[in-house]
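>>> need a 3D model of the following:
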Amino acid sequence: MANDEQNKVAKKKTAKKATAKKSVAKKAPTKATVKKSATKKAPVKAQAAESAQASPKTSGKKMRVTLIKSLIGTIGRHRETVRGLGLRRVNHTVEVEDSPATRGMVNKVNYLVRVEKD
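Numbering: from 1, shown residues only. Below you'll find the model as predicted:
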């Protein structure tokens with residue numbers, strides 16, 4: 001009977017050692033890490049050319065956006081949108097480019113801001 005108990009204790013110890021060894025073993029690389037290492041970055045010259053092409057697309061028009069209401073009690077995504085526009089506090093005014101992206105941001109939080117076109 002004592003032998004049986006010793007065998008059980010010995011089995012538990014070996015089982016614990018086996019699980020400890022499994023957790024120490026290195027994990028195989030995930031698909032995301034494999035993709036990151038496999039993708040090649042574009043040369044710096046090509047990136048500079050792309051950014052130069054992007055600037056003529058902007059029309060240069062500006063619009064003034066003023067925060068007229070407090071952000072207290074508003075939806076979190078709306079608070080982030082107001083921050084993205086560059087507004088910090090009530091009655092703070094910023095000039096942003098009049099692009100479809102900023103128009104969408106302003107339309108999303110139209111109940112918090114006032115817009116003046118230049």
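
>>> my read is V96 is in a strand, agree?
Yes - assignment of V96 by DSSP: H, G, I helix; E, B strand; the rest coil places it within a strand.

>>> who's it bridged to?
The partner list for V96 in beta bridges (DSSP bridges) reads M63.

>>> that one against G84, yeah?
No - using CB atoms under 8 Å as the test, V96 is too far from G84 to be in contact (9.7 Å). For glycine as for every other residue, the C-beta is placed from the backbone atoms N, C-alpha and C.

>>> just want to know which of those two has more residues nearby.
More neighbours surround V96 than the other of V96 and G84, with 19 against 14 (other CB atoms under 10 Å).

>>> which ones are touching that one?
The contact partners of V96, by CB atoms under 8 Å, 6 or more residues apart in numbering, come to K62, M63, V65, L85, G86, T102.

>>> now the last one: which helix or strand?
Per DSSP states H and E: T102 is located in helix 100-108.

>>> likewise the third one?
With elements taken from DSSP H and E, the one containing V65 is strand 62-67.

>>> scan the contacts of V96 and report the most crowded one.
Among the contacts of V96, V65 has the most neighbours (other CB under 10 Å), with 24 neighbours.

>>> gap between that one and E97?
Counting by CB to CB, to the nearest Å, the gap from V65 to E97 is 11 Å.

>>> and if you look at N3?
83 Å.

>>> coming back round to it: got the angle between the following helix or strand past the strand holding V65 and helix 100-108?
Remark: after strand 62-67, the chain's next helix or strand is helix 76-85, criterion DSSP H and E. Counting by axes from the mean of the first three to the mean of the last three CA atoms, to 10 degrees, helix 76-85 points 130 degrees away from the direction of helix 100-108.

>>> may I have the helix holding T102 exported as CSV, CA atoms only?
Extracted C-alpha coordinates of helix 100-108, given in CSV (Å, rounded to 0.1, in the frame of the first residue of the first chain):
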residue,chain,number,x,y,z
PRO,A,100,-13.1,65.0,-47.5
ALA,A,101,-11.4,63.4,-44.4
THR,A,102,-11.8,66.5,-42.3
ARG,A,103,-15.3,67.2,-43.6
GLY,A,104,-16.3,63.7,-42.4
MET,A,105,-14.8,64.4,-39.0
VAL,A,106,-16.6,67.7,-38.7
ASN,A,107,-19.9,66.1,-39.8
LYS,A,108,-19.5,63.4,-37.2
